[in-house]
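1. here is a sequence with its predicted model. Questions after.
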Amino acid sequence: MDELKFGTRDKRGQWTPHEPLTHAPLFAFPPKPLALLKWLPHYFLPWNLIWAASAAAWWVWIVPEKAVMQNLAWGWMLWLFAINCVAVALFYSAFELHLYVRRAQGTRFKYNAKWPSEHKSSAFLFGSQNIDSLIRGFGTGVPIWTAWEVLVLWAWANDIGPWVSLMDHPLYLFAVWLVLPVIHEFHFFCIHRLIHTPFLYKWVHSVHHNSVNPSPWSSLSMHPVEHLLYFATAAYHFILPSHPLLAIYQLHFAGFGAVVGHIGFDKMEVTEDSAVDSHAFAHYLHHKYFEVNYGDGLIPLDRWFGTWHDGTKEGDAAMNARYQKTKAKANAKA
Ligand SMILES: [Zn+2]
Ligand SMILES: [Zn+2]
């Protein structure tokens, strides 16, 4: 596919889509019913349906019997951990191998023409973005993800929490499934804004921001405190009447979904003239500029708080004006 039909590449090798980033029309005011209808398939396809399918597969084939999970025994907890490790290894590697090792579509639609593996940095463990990410992802990322999963399943098995039955309330649970991505976005925005406060940024979140040019493995490259907060997205199921299947969906949304936001490509080519959109541009800009796009745009939180960057020159200008204002304020204080 010709990337220049969809965007421009500057002299520094940065590719920018022609279309400015927009928020999902879900919270548009006044409401835009036509835009909403047009956007709706993107809400499900392909990613949300993939996480729904993977959560269902876990529920049917992986999650042990209720009676087994009433006790916190190592056997079933390590089983879930092992499966999560294998699934992450396979899923993340599929993107890494296709786009970054085989380089199947070259740099077409890649936001940054540089390859992270060709640029060693002392910011990373062993100087390598990938090795650093693998150690953090499997060292604390998947264990903490699994710990939240275990907590939810153990609580459900012991009737702790507002759990409802799949058989008795299928329509209600379907409605909950529909709003879970919105809850995730709200949760992610709040914890992300929190870890950008100076102290937490320095000690916790800077680890994730070492990847200025993110690639699939960067997704789970976080400090353990960030892993803990990030996967706490599952904790909403202790407040909201729900079912553990939906909590697993939400963990997959966070854990597997993270790879989509860090893929580094705007489109993944499927055939010579068709491609799947990654929707990774908002978060790519966050990695590039740090203080914009704390959320992914499902809820217009960044617009409401003045931190939205739509990828255009106007977005750059607004960001710089905000930066100058903050600097002037800091100087006035000093
Ligand atoms: Zn990120
Ligand atoms: Zn950040």
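-> All right, it came through fine. Numbering: from 1, shown residues only. Ligands and ions are numbered 1, 2, ... in the order given.

2. ok, and the closest non-adjacent residue to the residue positioned nearest the centre of the chain?
-> Geometric centre of the chain, nearest residue: residue 258, 3.0 Å, by C-alpha atoms, centre = their mean. Nearest residue to residue 258, sequence neighbours excluded (C-beta to C-beta, 6 or more residues apart in numbering): residue 219, at 3.7 Å. (Each C-beta comes from the backbone N, C-alpha and C, glycine too.)

3. quick check: that neighbour touching residue 262?
-> Yes: taking C-beta atoms under 8 Å as the definition, residue 219 is a contact partner of residue 262 at 4.4 Å.

4. of the two, which one has the most company?
-> Per other C-beta atoms under 10 Å, whichever of residue 219 and residue 262 has more neighbours is residue 219, with 27 against 24.

5. how about the strands of this structure, start to end?
-> 7-9, 15-17, 267-271, 274-277 (DSSP state E).

6. for the helix ranked longest in the chain, packing partners?
-> Taking DSSP state H as the criterion, the chain has its longest helix at helix 170-194. The contact analysis (3 or more C-beta pairs under 8 Å, 6 or more residues apart in numbering; DSSP states H and E) places helix 170-194 against helix 224-230, helix 244-255, helix 301-304.

7. buried residues, it. List them.
-> The neighbour-count check on helix 170-194 (16 or more other C-beta atoms under 10 Å) flags 173, 176-177, 180-181, 183-189, 191-192 as buried.

8. what's the closest non-adjacent residue to residue 23?
-> Using C-beta to C-beta, 6+ apart and skipping residues adjacent in sequence, the residue nearest residue 23 is residue 300, 4.2 Å away.

9. what number of residues lie near the one you found?
-> 18.

10. for residue 102, see how far away it is.
-> 38 Å (C-beta to C-beta, to the nearest Å).

11. likewise for residue 206?
-> Counting by C-beta to C-beta - residue 206 and residue 102 are separated by 32 Å.

12. of the two, give the one with the bigger neighbour count.
-> For residue 206 versus residue 102, the count of surrounding residues by other C-beta under 10 Å is larger for residue 206: 15 against 9.

13. next up, the contacts around the nearest residue to residue 303 once chain neighbours are set aside.
-> Sequence neighbours aside, residue 23 is the residue nearest to residue 303 in space, at 6.3 Å (criterion: C-beta to C-beta, 6+ apart). Residues near residue 23 by C-beta atoms under 8 Å, 6 or more residues apart in numbering: 297-300, 303, 308.

14. now do residue 106
-> If you count contacts by C-beta under 8 Å, 6+ apart, residue 106 has none.

15. could you measure from it over to residue 6?
-> In this view, residue 106 and residue 6 are 15 Å apart by C-beta to C-beta.

16. the helices in this structure, which residues?
-> Under DSSP H, the chain gives helices at 33-44, 47-57, 74-95, 129-136, 142-157, 170-194, 198-200, 206-209, 224-230, 244-255, 257-261, 281-289, 301-304, 313-333.

17. count of residues packed around the closest residue to residue 10 other than its chain neighbours?
-> Closest residue to residue 10 apart from its sequence neighbours, by C-beta to C-beta, 6+ apart: residue 16 at 7.4 Å. Counted with other C-beta under 10 Å, residues neighbouring residue 16 total 18.

18. what's the answer for residue 28, then?
-> 15.

19. wait, it touches residue 34, no?
-> No: at 10.7 Å, residue 28 does not count as touching residue 34 under the criterion of C-beta under 8 Å.

20. returning to what we had before: looking at the helices and strands packed on helix 170-194, which is buried most?
-> Comparing those by mean neighbour count (mean count of other C-beta atoms under 10 Å), helix 244-255 comes out on top with a mean of 25.

21. what about that one, distance to the chain center?
-> Here helix 244-255 is found 12 Å from its chain centre; the criterion is C-alpha atoms, centre = their mean, to the nearest Å.

22. other SSEs contacting that helix?
-> Helices and strands touching helix 244-255, by 3+ C-beta pairs under 8 Å, 6+ apart, are helix 47-57, helix 142-157, helix 170-194.

23. can you lay out those as CSV showing distance to residue 285 and mean pLDDT?
-> Formatted as CSV, these follow (distance: least, C-beta to C-beta, whole Å; pLDDT from 0 to 100):
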stretch, distance to residue 285, mean pLDDT
helix 47-57, 19, 95
helix 142-157, 26, 98
helix 170-194, 14, 97
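
24. quick check, residue 209 in contact with residue 287.
-> Yes: using C-beta under 8 Å, residue 209 is in contact with residue 287, at 6.8 Å.
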